[in-house]
Each structure stands twice: as structure tokens, then as C-alpha cells.
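Q: Kindly generate the corresponding structure for this input.
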Amino acid sequence: MIIDSHAHITEESLREDAPRIIADMKKDGLLAIVEVGCDFDTSRDAIEIAEKNDNVFALVGTHPEFAAVYGDREREFYLETAKHPKVIGIGEIGLDYYYETPEREVQKKAFVAQLELAHEAKLPISLHIRDAYGDLLNILKDNRHYIQHGMLMHCYCGSKEFVRELAPFDSYFAFGGVVTFKNAKKDDILRAVPSDRLIVETDCPYMTPVPFRGKRNEPKYVVNTAEYIANALGVDYEEFEKQTVKNTLSLFTKMRIK
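A: Numbers count the residues shown, from 1 in each chain. From the prediction side, this is the model:
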């Protein structure tokens, strides 16, 4: 049994199938699903589906794409819902410079504000970082006092050298279907991550792993990603599965699996 540490099953393309996905969790080898918010509405959806289902948990936060609308309403909502037993972290938050929108300074401001919020809430953070690793490191160094409860690099796309740069921030690293792509060339990065810091995810409905690439992604396909990683690392799959569950629970300390 394994945990999908980052999913979006309330997203429009999966919403109608979410009841079936949850009902089939045990059959599909899933111990738990972490549903992740990207803004006020999706964070509210994440909490709602977590409240209604055992072994579904929620993260709340504003994705950098929506940084321009992060304000008092979001801050108050996230801070209040952080008290909920099924809300286990703040995310996904961070920086995304791929499209250069919103402006970088707007993203940075919202990011730092949510680091502060996570510290106040005493919860770990899940980071979305794209083409922004230099600014990420500078912000983390400047705001080290806010990062006291663990940090997850969602869909890690940095270098193996940057794994070491992030180590002082109590970092965990999540990998999804991208690692299974023929041109991904991430095996050396996987080997650079300490075994007690490696986590798996789907980021469904996006980034479906091989051999299902081209289809809509679902939490059950996290098993395919985990099998690929275990093989790339040359470790026993069942032991790898247990280790990733242990790592996920070590980061998300509020997670209570039934």
C-alpha cells in the first residue's frame, strides 16, 4: 500500500470520478490520497472531500499562478482551516517563472506571506517551483525562521546538486510520472535524494506515468511511478513502498490513517 502525496481529484476532469477513485483505493493499492488546493475555491474543495472520506487529506494554499489574488480572505481562511484535523499542510505554494505571469515580485510576496502563515499554523509546506530555483534558495535563506515544520519539493525538477542545497531546510522530495518518461534523465537525481526523504505523487490529472502516458492521470498510477523508482534505485519494491509511506507520515505529522 502506498500514499499519493499530491493529487487534484476535485479538478474538473476528475471530479465526477472522484467517488469511484476513493472507493477503489484499497483495491488499487492506495493507503491515502493528499488532495491539494491551488486557491481559495480548490482549497475549500480539498477540505470538503477530505472531510467526507477516510484516508483523504487536504492541503490548503495559493499556487503561484494565482498569487495576484492572494489576500486577507485567503490568509484568514487558510489559517482557520489549518486547525482542521484533515488539513495536514500548506500548499501548493511557491514560484513559477515559466509564463512570467503574474510578475515575479507578486509571486515572491505571496510566497513569503504563506511561509509565514505555515509557520503560524505549525504545518509543513508543499512547494511548486518552476524555473525559479535561484530565487527559491534566496527566499528560503532569508526566511529560514518560518520553515520549522518540514518542506516538500513537489514534482522536484531541480538538479542533484540542489538537493544538497535544500537539505538544511528539512526538505523532502516528491517525484511523479515525469521520472518514467524516456527523456526525463532523472535517475541520478533520484539517487541523490536520501532514502528517508523520498516521496511519490501523481499530480493527477497531469503527468501520467508510462505506460499510461497520454491518458488522464489518476492516484492509482502512483504505483507505476513507485515501481519505476524502486527499479532505478535497485531496491526491493515492497521495502521502497514502506519507506515512502514512512517518509510521508514523517512529513505530514497530522495524517491519521484508518
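Q: The lengthiest helix in the chain packs against which elements?
A: Ranked by residue count and defined by DSSP state H, the top helix of the chain is helix 104-121. For helix 104-121, the packing partners by 3 or more CB pairs under 8 Å, 6 or more residues apart in numbering; DSSP states H and E come out as helix 72-81, strand 87-96, strand 125-130, helix 133-142. For the C-beta atoms, the positions are set from N, CA and C on the backbone; glycine is no exception.
Q: Could you quantify the relative orientation of the shortest one and helix 104-121 as an angle?
A: For the pair strand 125-130 and helix 104-121, the angle between their directions (axes from the mean of the first three to the mean of the last three CA atoms, to 10 degrees) equals 170 degrees.
Q: What strands line up against strand 125-130, and which way round?
A: With DSSP bridges as the test, strand 125-130 is paired with strand 87-96 (parallel), strand 151-153 (parallel).
Q: Give the buried residues for that strand.
A: For strand 125-130, burial by neighbour count (16 or more other CB atoms under 10 Å) applies to 125-129.
Q: contacting residues for residue 233?
A: Applying CB atoms under 8 Å, 6 or more residues apart in numbering to residue 233 gives the contacts 190-191, 240.
Q: quick revisit: among the buried residues of strand 125-130, which one lies nearest to residue 47?
A: Checking these against residue 47 by CB to CB gives residue 126 as the nearest, at 15.2 Å.
Q: Run through the residues that contact that closest one.
A: Neighbour list for residue 126: 6, 36, 59, 61, 89-93, 152, 154, 174 [criterion: CB under 8 Å, 6+ apart].
Q: Could you find the closest non-adjacent residue to it?
A: Nearest non-adjacent residue to residue 126, counting by CB to CB, 6 or more residues apart in numbering: residue 91, 2.8 Å away.
Q: Wait, the one you found touches residue 62, no?
A: No: assessed by CB atoms under 8 Å, residue 91 is found out of contact with residue 62, at 9.5 Å.
Q: Give the residues shared as contacts by the two.
A: residue 37.
Q: what are the ranges of the helices in the chain?
A: Under DSSP H, the chain gives helices at 12-15, 18-23, 40-52, 72-81, 104-121, 133-142, 160-166, 187-192, 222-233, 237-251.
Q: could you dump those to JSON lines with mean pLDDT?
A: JSON lines is the format used below for the helices of the chain (pLDDT from 0 to 100):
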{"stretch": "helix 12-15", "mean pLDDT": "95"}
{"stretch": "helix 18-23", "mean pLDDT": "98"}
{"stretch": "helix 40-52", "mean pLDDT": "98"}
{"stretch": "helix 72-81", "mean pLDDT": "98"}
{"stretch": "helix 104-121", "mean pLDDT": "98"}
{"stretch": "helix 133-142", "mean pLDDT": "97"}
{"stretch": "helix 160-166", "mean pLDDT": "95"}
{"stretch": "helix 187-192", "mean pLDDT": "95"}
{"stretch": "helix 222-233", "mean pLDDT": "97"}
{"stretch": "helix 237-251", "mean pLDDT": "98"}
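Q: Throw those helices into a markdown table and include distance to residue 1, thanks.
A: Output for the helices of the chain, formatted as a markdown table (distance: least, CB to CB, whole Å):
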| stretch | distance to residue 1 |
| --- | --- |
| helix 12-15 | 21 |
| helix 18-23 | 15 |
| helix 40-52 | 18 |
| helix 72-81 | 27 |
| helix 104-121 | 28 |
| helix 133-142 | 32 |
| helix 160-166 | 27 |
| helix 187-192 | 21 |
| helix 222-233 | 10 |
| helix 237-251 | 7 |
